[in-house]
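Student: sequence and predicted structure, then a few things I'm wondering about:
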Amino acid sequence: MFALKQPKAPQKKTVLPVAESLPKSPKVTEAEMPASKPQEAKPKTQNLIAEGTVIHGNIEAEGDVTLAGKVHGDVSTRAKLTVDVAAVIEGNIIAENADIAGTVQGTVTVRGLLTIRTSSQIDGDVITKNLNVESGSMFTGRFDVGSTAKPASNGKSHYSDYKEAPALQSVLD
């Protein structure tokens, strides 16, 4: 019933030096190393001013801006500005590209492509390199298309007289 346990005989362990226990890896020269992946560009920031939101002051953004609310102030972005059909901007706009479907009261300066949608109402001058106007849009002011002009520092139109802009005729024809 009660048996004495016999001590176990010590087992002999084989210990190999580390250098012998690891497989040798092939030598890789710098020229054979895979190129590191280029860093992906940061995604542009998306800014949304929702319908029902009212902002009193200027908006400055690096990324895309979509406006569906009301802004009492200037809006500038180094990317695309989208003015929703419900949006109202009472101030000047400066953008790389813009798509306007709402109401703007002020000078619109776009370095690239400006699209004016059927539902838009613009009361102010437009300065842009490229222009796309949908039938039915409403506009009061002057067009300067294909220009590299910049808005005046005081926010006023750069037109000193009100002779008809030749670009306007090509848009209306």
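Tutor: Great, that's in hand. In this text the structure is predicted, and so the values were computed from the model without any measurement. Residues are numbered from 1 along each chain as shown.
Student: tell me, how many residues neighbour the closest residue to Ala87 other than its chain neighbours?
Tutor: Excluding the flanking residues, the one nearest Ala87 by C-beta to C-beta, 6 or more residues apart in numbering is Gly102, at 3.5 Å. Any C-beta I mention is one placed from the backbone N, CA and C, and that applies to glycine too. When counting by other C-beta atoms under 10 Å, one arrives at 21 neighbours for Gly102.
Student: isn't Gly102 up against Ile93?
Tutor: No. The pair Gly102 and Ile93 does not pass the contact test of C-beta atoms under 8 Å, sitting 11.1 Å apart.
Student: now list whatever residues contact both of the two.
Tutor: Counting by C-beta atoms under 8 Å, 6 or more residues apart in numbering, the contacts common to Gly102 and Ile93 are Val83.
Student: circling back: who's in contact with the residue nearest to Ala87?
Tutor: 67-68, 83-89, 119-121.
Student: can you say which of those are buried?
Tutor: 67-68, 83-84, 86-89, 119-121 (16 or more other C-beta atoms under 10 Å).
Student: among those, name the ones in strands.
Tutor: Using DSSP state E, the subset of the buried ones among the contacts of Gly102 located in strands is 67, 83, 88-89, 121.
Student: so which residues of this protein form helices?
Tutor: 18-21, 166-172 (DSSP state H).
Student: returning to what we had before: can you put the buried ones among the contacts of Gly102 in JSON lines and add pLDDT?
Tutor: Output for these, formatted as JSON lines (pLDDT from 0 to 100):
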{"residue": "Leu67", "pLDDT": "97"}
{"residue": "Ala68", "pLDDT": "97"}
{"residue": "Val83", "pLDDT": "98"}
{"residue": "Asp84", "pLDDT": "97"}
{"residue": "Ala86", "pLDDT": "96"}
{"residue": "Ala87", "pLDDT": "98"}
{"residue": "Val88", "pLDDT": "98"}
{"residue": "Ile89", "pLDDT": "98"}
{"residue": "Ser119", "pLDDT": "96"}
{"residue": "Ser120", "pLDDT": "96"}
{"residue": "Gln121", "pLDDT": "96"}
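Student: can you name the two of the residues you listed that sit furthest apart?
Tutor: Greatest spatial distance in the buried ones among the contacts of Gly102: Ala68 and Gln121, 15.4 Å, computed using C-beta to C-beta.
Student: no more questions from me, cheers.
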